[in-house]
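K.L.:
Fold the stuff below for me.
(chains A and B)
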Number of protein chains: 2
Amino acid sequence: MRTSVSRGRARAVGENVSAADERWMRLAIAESLKGMHAGEGGPFGCVIVREGELVSKGHNRVISTNDPTAHAEVVALRRAARRLGRFDLSDCVLYASCEPCPMCLSAIYWARIRKVFFANTKRDAAKIGFADQFIYEELELPLERRKLQMVPLLRNEAVGAFVDWSRKADRVNY
Amino acid sequence: MRTSVSRGRARAVGENVSAADERWMRLAIAESLKGMHAGEGGPFGCVIVREGELVSKGHNRVISTNDPTAHAEVVALRRAARRLGRFDLSDCVLYASCEPCPMCLSAIYWARIRKVFFANTKRDAAKIGFADQFIYEELELPLERRKLQMVPLLRNEAVGAFVDWSRKADRVNY
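P.N.:
Below is the predicted model of the structure:
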């Protein structure tokens, strides 16, 4: 039976964690240290595993590549997808040294991954100055209350592309 | 004065839209059609503009590249960052043919963009089978109620990387 856990409190709920899980997480943590000390980006590492084997590793590379999307999880997801030759990574497990930010967490959903282990929390990340928690809060706000200005424009002209898609005979759903 | 707008309803609130904004949005819509009809991905396009000049364009390339993160906005953001040589795109405006999914919207926050125009809405995207709305809802749930299994593990071992970061003398904040 599931116990009630207050919103956002990270706690295992009847979860079995194996020695292998711990080993993979330690690799993700090592990755986080490596990237940070090399000056490549923030202290974040990620490992993706399939059937007990390493598929990819990644660490944050925002600073060294000037790519705002080069978070550890995105780097590892892109590498895993390239290596496996598919965007569907539903048979993979992801180990992140920190609870994924909303960008990375959404990328994990798009990749159809079903299980994520994480170590530091988004609140830990907020404490050392990262915007993860702020962005989570922004996403929950209605458009007109966000710090980011979001302006609807020409929906009537864009809808045609959606109609074309829904009628597309050789459509690949992702 | 701002009028009250119900949650998630996309509507301009006292917003000035210029002829140039419409032109850029039409380019984003054209991009969405181009990528879809070429079989590269879903019907999504994006344009990034700085001081009235085009910085980058992008369309969804999830299918052609097998990259689950290759959404139009992420593609355009990465290109813009590469072109400008910086991850901070706060002087840029982004035009998206559809309201950004949570991955793309978060990437926009990380890139520090302050203004986004969008045409189709996340509800329009849901109607033609995309998971945007589903992922927004998942992100708002406490961990233990999500479809994605999220398991805390070894936080005590990962915290050291965060301490190192907070003490790092040559830290670049992003």
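
K.L.:
tell me how far the ends of stretch A:129-143 are from each other?
P.N.:
One end of stretch A:129-143 to the other measures 25 Å (C-alpha to C-alpha, to the nearest Å).

K.L.:
What average pLDDT does it get?
P.N.:
Stretch A:129-143 comes out with an average pLDDT of 93.

K.L.:
How far does it sit from its chain's centre?
P.N.:
Centroid separation for stretch A:129-143 versus its chain: 15 Å, with C-alpha atoms, centre = their mean, to the nearest Å.

K.L.:
thinking A:V93 is in contact with A:F118, fair?
P.N.:
No: here A:V93 does not reach A:F118: they are 11.7 Å apart, not a contact under C-beta atoms under 8 Å. C-betas here are computed from N, CA, C, even on glycine.

K.L.:
Next, find the distance separating A:L143 from B:Q133.
P.N.:
A:L143 is 14 Å from B:Q133, where distance means C-beta to C-beta, to the nearest Å.

K.L.:
Which one's more surrounded, those two?
P.N.:
A:L143 (22 against 19; other C-beta atoms under 10 Å in any protein chain shown).

K.L.:
Let me know the secondary structure of the residue positioned nearest the centre of chain A.
P.N.:
By C-alpha atoms, centre = their mean, chain A has its centre lying nearest to A:C104, at 2.1 Å. For A:C104, the secondary structure call by DSSP: H, G, I helix; E, B strand; the rest coil comes out as helix.

K.L.:
State the pLDDT value of it.
P.N.:
Value listed for A:C104 in the pLDDT field: 98.

K.L.:
same check, this time on A:A12
P.N.:
At A:A12, pLDDT is 46.

K.L.:
can you tell if stretch A:163-174 touches chain B?
P.N.:
Yes: legend: contact between stretch A:163-174 and chain B by C-beta under 8 Å from any C-beta of the partner chain is shown at A:164-166, A:168, A:170, A:172-174.

K.L.:
Please enumerate the helices of chain A.
P.N.:
For chain A, applying DSSP state H gives helices covering A:19-37, A:62-65, A:72-84, A:102-110, A:122-127, A:132-140, A:155-167.

K.L.:
Name the stretch among those helices that sits most buried.
P.N.:
Of all the helices of chain A, helix A:102-110 has the most neighbours on average by mean count of other C-beta atoms under 10 Å in any protein chain shown, namely a mean of 27.

K.L.:
Run through the neighbouring helices and strands of that helix.
P.N.:
On a contact count with 3 or more C-beta pairs under 8 Å, 6 or more residues apart in numbering or on different chains; DSSP states H and E, helix A:102-110 meets helix A:72-84, helix A:132-140, helix B:102-110, helix B:132-140.

K.L.:
Return the second one as CSV; C-alpha atoms alone will do.
P.N.:
What follows is helix A:132-140 as a C-alpha-only set of coordinates in CSV (Å, rounded to 0.1, in the frame of the first residue of the first chain):
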residue,chain,number,x,y,z
ASP,A,132,15.0,24.3,-11.7
GLN,A,133,12.5,25.0,-8.9
PHE,A,134,11.7,28.4,-10.4
ILE,A,135,10.9,26.9,-13.8
TYR,A,136,8.7,24.2,-12.3
GLU,A,137,6.7,26.9,-10.6
GLU,A,138,6.5,29.0,-13.8
LEU,A,139,5.1,26.1,-15.8
GLU,A,140,2.3,25.7,-13.4
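
K.L.:
packing partners for it?
P.N.:
helix A:102-110, helix A:122-127, helix B:102-110, helix B:132-140.

K.L.:
So what touches that helix?
P.N.:
By C-beta atoms under 8 Å, 6 or more residues apart in numbering or on different chains, the residues outside helix A:132-140 that reach it are A:99, A:101-103, A:122-123, A:125-126, A:146-148, B:102, B:105-106, B:109-110, B:136, B:139-140.

K.L.:
let's go with 6 Å and repeat that
P.N.:
A:101-102, A:122, A:125-126, A:146, B:102, B:106, B:109, B:140 (C-beta atoms under 6 Å, 6 or more residues apart in numbering or on different chains).

K.L.:
Which members of the residues you listed are the farthest-apart pair?
P.N.:
Largest separation among the contacts of helix A:132-140 by C-beta to C-beta: A:A125 and A:R146, giving 20.2 Å.

K.L.:
re the thing from before, any chance of the contacts of helix A:132-140 in TSV, plus distance to A:L89?
P.N.:
TSV is the format used below for the contacts of helix A:132-140 (distance: C-beta to C-beta, whole Å):
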residue	distance to A:L89
A:C101	18
A:P102	19
A:K122	22
A:A125	24
A:A126	28
A:R146	30
B:P102	18
B:S106	19
B:Y109	24
B:E140	24
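
K.L.:
Quickly name whichever of those is closest to B:P152.
P.N.:
Relative to B:P152, the closest of the contacts of helix A:132-140 is A:K122; by C-beta to C-beta it sits at 11.5 Å.

K.L.:
ok, so what distance separates the closest one from chain B?
P.N.:
Per C-beta to the nearest C-beta, to the nearest Å, A:K122 is found 10 Å from chain B.
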